[in-house]
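Undergrad: Below is the structure, and that's it, no one-letter string:
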């Protein structure tokens, strides 16, 4: 049997622009962080979550999600500027028992049209 390690493919790193010239018409979009907040009381409203986050991230947007068990808890997706993600994910600002995690967007496989 051959127990050699499989070689990992070298994943190329993207090139990141660095020009500070404002003469161009192109501008970079700000980097965002998406956070999944769940295990809040079932009657928690979108406005309550928004008001709770505003001191840490005034630019935040909140979307209520369909929970697996809506009778037990509610879930939200919060989108903030990337530099504010740590302050929003601070466990000290959330009620005991609330859960937070990075929100993962699954990529959909797009089949080429023939």
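TA: Looks like it came in fine. Small disclaimer: the values here were computed from a predicted structure and weren't measured. Residues are numbered from 1 along each chain as shown.
Undergrad: Of all the residues in stretch 32-39, which ones are buried?
TA: 33, 35, 37-38 (16 or more other CB atoms under 10 Å). (Glycine included, C-beta is placed from N, CA and C.)
Undergrad: If you could redo that for stretch 59-71, that was the one I meant.
TA: 60, 62, 67.
Undergrad: count of residues packed around residue 89?
TA: 18 (other CB atoms under 10 Å).
Undergrad: Repeat that for residue 85.
TA: 20.
Undergrad: show me the contacts for it.
TA: 33, 35 (CB atoms under 8 Å, 6 or more residues apart in numbering).
Undergrad: residues contacting residue 57?
TA: 78, 80-81, 84, 87-88.
Undergrad: which of those residues lies closest to residue 56?
TA: residue 87 (4.2 Å; CB to CB).
Undergrad: Excluding chain neighbours, what is closest to that closest one?
TA: Leaving aside its sequence neighbours, residue 87 sits nearest to residue 56 (CB to CB, 6 or more residues apart in numbering; 4.2 Å).
Undergrad: Distance-wise, check the one you found relative to residue 85.
TA: Distance of residue 56 to residue 85, given as CB to CB, to the nearest Å: 10 Å.
Undergrad: so residue 81 touches residue 61, yeah?
TA: No. Contact criterion CB atoms under 8 Å: residue 81 and residue 61 do not qualify, at 10.6 Å.
Undergrad: Same question for stretch 72-79: list its buried residues.
TA: Per 16+ other CB under 10 Å, stretch 72-79 contains these buried residues: 73-79.
Undergrad: Where does the prediction get shaky in the chain?
TA: 1-9, 105-114 (pLDDT under 70).
Undergrad: which neighbours does the helix or strand containing residue 80 have in its sheet, and in what orientation?
TA: Assessed by DSSP states H and E, residue 80 sits inside strand 74-81. Strand pairing for strand 74-81, determined by DSSP bridges: strand 32-40 (antiparallel), strand 61-65 (antiparallel).
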